[in-house]
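Engineer: With the input below, show me the fold.
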Amino acid sequence: MSGDGDFLIVQPGVEQPSSLSVKNIKRARRLSAPEYLEGILRGDRAVLGRAITLVESSRPQDHQLAQDLLQLCLPHTGRSIRVGITGVPGAGKSTFIEALGMELIGRGERVAVLAIDPSSQLSRGSILGDKTRMERLASSDSAFIRPSPSAGSLGGVARRTRETMLLCEAAGFRTVFIETVGVGQSETAVNDMVDFFLLLMLAGAGDELQGIKRGIMEMSDLIAINKADGENTARARLARCEYETALHLFAAQPSGWTPKVVTCSALSGSGIAEIWDTVLEHQRTTRANGYFEIRRRTQVRNWMQETIEQGLLDHFRADPRIAKKLPELETEVAAGRLTSARAAEILLDVFRRP
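Structural biologist: So this is what the prediction gives:
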């Protein structure tokens, strides 16, 4: 980008306004909440992209408008199937999501993909490389792909991803995939905002991953062993048997659903249709026994509690008295002259004073 007449270069699959010149972006009129809503409901992708940028904004002047918009969108949300997808490195998540997304588009569905991307700790920019691997899905008018840079704050990403999910539902996307990058704490956050949690695995991934996999396996509704093609087919079948045995060691899920293990090949498309049929079967089961609604209600209550906690923490850190006292106490704690608990008590006492 070298001047006002230049255009921004964007990665495939990343939703942007239809006109990308820097001058046009600067001149874009600030919409009201009802205007945003009207554009979202009619399926205007440019307005949807701007609305997501609004809810992701950290500027105080954008916060109230974003919340007003979300409140207006609320009656138009909640009708989608929310699917969390994670997997070990190299499992082929992007290829898998594209294959599953194209399967759904072939069935007449509209798909939104929200990817929680890691962010550079230096630039705070998101890493969008995975999105370039979903070229077919990104080029479809029935798909919408949006990364959410973490900027080092998992709590912030969880909030923004939930709100983005609501906007996509209001825009008429009846299937929302939430992809996590890597295997770690983010999976727990994503599991608390979806209806179905899918773990993508590889055959022969190695015993070094066992400690990571157990916790994630316990929250999984389906384990799909990808790349089950060619010479790897036999290994994938063996891995399927091993994972099925492991799942029997876990306690029964409160949903009444029995987690399954399948093999698939995102490259050839083998097993992809069956995976979505399993998701639909899970929906029927949990809706019939009432767990679906219980889980949704629990999730929104948890979301409210997390928002309160995050708001209190932000308020605490923004207090100038805390900003002044914190470095001093951190030095004392690091030097071993003060316990962490006592330092926290001092800061909280300072914060509570009028």
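
Engineer: just the strands in the stretch 251-354 of the chain please.
Structural biologist: Taking DSSP state E, counting those that start in this stretch, the strands of the stretch 251-354 of the chain run over residues 260-263.

Engineer: where do the helices sit along it?
Structural biologist: In the stretch 251-354 of the chain, the helices defined using DSSP state H, counting those that start in this stretch lie at 272-288, 291-318, 320-334, 340-352.

Engineer: got these as JSON lines, with distance to R162 and mean pLDDT columns?
Structural biologist: From N, CA and C alone the C-beta is placed, and that goes for glycine too. Compiled in JSON lines, these are given as follows (distance: least, Cβ to Cβ, whole Å; pLDDT from 0 to 100):
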{"stretch": "helix 272-288", "distance to R162": "20", "mean pLDDT": "98"}
{"stretch": "helix 291-318", "distance to R162": "6", "mean pLDDT": "94"}
{"stretch": "helix 320-334", "distance to R162": "28", "mean pLDDT": "97"}
{"stretch": "helix 340-352", "distance to R162": "28", "mean pLDDT": "97"}
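
Engineer: looking at those, which is buried most?
Structural biologist: helix 272-288 (a mean of 15; mean count of other Cβ atoms under 10 Å).

Engineer: Who are the packing partners of that helix?
Structural biologist: strand 81-87, helix 93-106, strand 196-201, strand 222-225, strand 260-263, helix 291-318 (3 or more Cβ pairs under 8 Å, 6 or more residues apart in numbering; DSSP states H and E).

Engineer: could I get these as CSV with distance to M134?
Structural biologist: CSV is the format used below for the helices and strands packed on helix 272-288 (distance: least, Cβ to Cβ, whole Å):
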stretch, distance to M134
strand 81-87, 13
helix 93-106, 4
strand 196-201, 15
strand 222-225, 17
strand 260-263, 22
helix 291-318, 27
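
Engineer: To Q253, which of the ones you listed lies closest?
Structural biologist: Across the helices and strands packed on helix 272-288, Q253 has its closest neighbour in helix 291-318 (9.0 Å, Cβ to Cβ).

Engineer: Throw the helices of the stretch 251-354 of the chain into CSV and include distance to K260, thanks.
Structural biologist: What follows is the helices of the stretch 251-354 of the chain, written out as CSV (distance: least, Cβ to Cβ, whole Å):
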stretch, distance to K260
helix 272-288, 6
helix 291-318, 17
helix 320-334, 48
helix 340-352, 44
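
Engineer: Tell me which of the ones you listed lies nearest to E242.
Structural biologist: Nearest to E242, of the helices of the stretch 251-354 of the chain and by Cβ to Cβ, is helix 272-288 at 19.1 Å.

Engineer: Now find how far off-centre the closest one is within its chain.
Structural biologist: Taking Cα atoms, centre = their mean, to the nearest Å, one finds helix 272-288 lying 20 Å from the centre of the chain it belongs to.

Engineer: can you check stretch 193-207 too?
Structural biologist: Distance, centroid of stretch 193-207 to centroid of chain: 15 Å (Cα atoms, centre = their mean).

Engineer: same deal with stretch 84-99?
Structural biologist: 13 Å.

Engineer: what's the first-to-last distance across it?
Structural biologist: Across stretch 84-99, the terminal residues are separated by 15 Å (Cα to Cα, to the nearest Å).

Engineer: average pLDDT for stretch 218-227?
Structural biologist: The average pLDDT for stretch 218-227 rounds to 94.

Engineer: measure it end to end?
Structural biologist: One end of stretch 218-227 sits 22 Å from the other (Cα to Cα).

Engineer: going forward can the numbers begin at 671, since that is how I track them
Structural biologist: Right, with 671 as the first residue, what we last looked at is stretch 888-897.

Engineer: Name the residues that touch that stretch?
Structural biologist: The contact list for stretch 888-897 (Cβ atoms under 8 Å, 6 or more residues apart in numbering) reads 757, 761-762, 766, 857-858, 861, 866-873, 887, 906, 909-910, 913, 917, 920, 923, 925, 927, 929-937, 941, 945, 948-949, 952.

Engineer: ChimeraX command for the buried members of those residues?
Structural biologist: The ChimeraX selection below is limited to those of the contacts of stretch 888-897 classed as buried (16 or more other Cβ atoms under 10 Å):
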select :757,761,762,766,857,861,866,867,868,869,870,871,872,873,887,906,909,910,913,917,925,927,929,930,931,932,933,934,935,936,941,945,948,949,952
